[in-house]
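Engineer: predicted structure and sequence below. I'll ask about it afterward.
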Amino acid sequence: MHQPGIEPGSVPWQVELEKMEKVVDLFGVGEANTQKLLEGGNDLSQIQQGLFIGSVAEANNKDLLKSSNVTHVLTIAVALSPPYPDDFVYKVLEVVDRSETDLTVYFDECYSFIDQAIESGGGVLVHCFMGVSRSVTIVVAYLMRKHGIGFSKAMELVKSRRPQAMPNFGFVSQLQQFEKSIKVHDEASSSVDNKEIVV
């Protein structure tokens, strides 16, 4: 299940493999790297009730996901297979973190996946490799549409709960364009603030 043009050996594929190596490097050096990555990390950021952002490491931490009431996992990366298909509902979008990647074509289906999971009482982990760009972009788009807030406000909220959040400039531009297509509440009258989006 590869996105067209993202085949092993291609430049985008190499970019993803390099990112995986960086993730592994975060856990140290030597043969234990892969094992630690598979065991998972603990840097799960709760953005609102039932909505989390993380990296591939958190996606591999079954105990953390279960204890956080995560029932659904939205993976936005290539070369990652669902590690626990019998335990969670997965949706995988094989896209690369490049400024020319058009994530807007996935906004609707991601919104539905996230919203249905939360409305049914579950929780969703949205992750890419690092939990910095692709996953953040999808969550920001979700918040904008769900709460009728602009890009700046949604991004501020996410960064307040995941400081490392930093979509690439192409994704930022897409989110700014997306803001023009949704009904954004007037900032002065909007009752939505960081505290009211319940954690």
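Structural biologist: Good, I have the coordinates.
Engineer: now the residue minimising distance to the centre of the chain, what's its secondary structure?
Structural biologist: Nearest to the mean C-alpha position of the chain, by CA atoms, centre = their mean, lies Ser135 at 2.1 Å. Using DSSP: H, G, I helix; E, B strand; the rest coil, the structure places Ser135 in helix.
Engineer: SS state for Lys180?
Structural biologist: Assignment for Lys180 (three-state DSSP): helix.
Engineer: same check, this time on the one 4 residues further on
Structural biologist: When classified by three-state DSSP, Val184 comes out as coil.
Engineer: got the contact list for stretch 81-91?
Structural biologist: Stretch 81-91 is contacted from outside by 38, 59-60, 62, 65-66, 70-75, 92, 109-110, 113, 117, using CB atoms under 8 Å, 6 or more residues apart in numbering. In short, each C-beta sits where N, CA and C put it, glycine included.
Engineer: centre of the chain to it, how far?
Structural biologist: Taking CA atoms, centre = their mean, to the nearest Å, the mean C-alpha location of stretch 81-91 is offset from the chain mean by 15 Å.
Engineer: flag every buried residue along it.
Structural biologist: Pro83, Phe88, Val89, Tyr90, Lys91 (16 or more other CB atoms under 10 Å).
Engineer: just stretch 123-134 next, same as before
Structural biologist: Buried-residue list, stretch 123-134, by 16+ other CB under 10 Å: Gly123, Val124, Leu125, Val126, His127, Cys128, Phe129, Met130, Gly131, Val132, Ser133, Arg134.
Engineer: now those in TSV, with distance to Pro167, pLDDT and secondary structure?
Structural biologist: As requested, the buried residues of stretch 123-134 are exported to TSV (distance: CB to CB, whole Å; pLDDT from 0 to 100; DSSP: H, G, I helix; E, B strand; the rest coil):
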residue	distance to Pro167	pLDDT	secondary structure
Gly123	22	98	coil
Val124	18	99	strand
Leu125	18	99	strand
Val126	13	99	strand
His127	14	97	strand
Cys128	10	94	coil
Phe129	14	91	coil
Met130	11	92	coil
Gly131	11	95	coil
Val132	8	96	coil
Ser133	5	97	coil
Arg134	8	98	helix
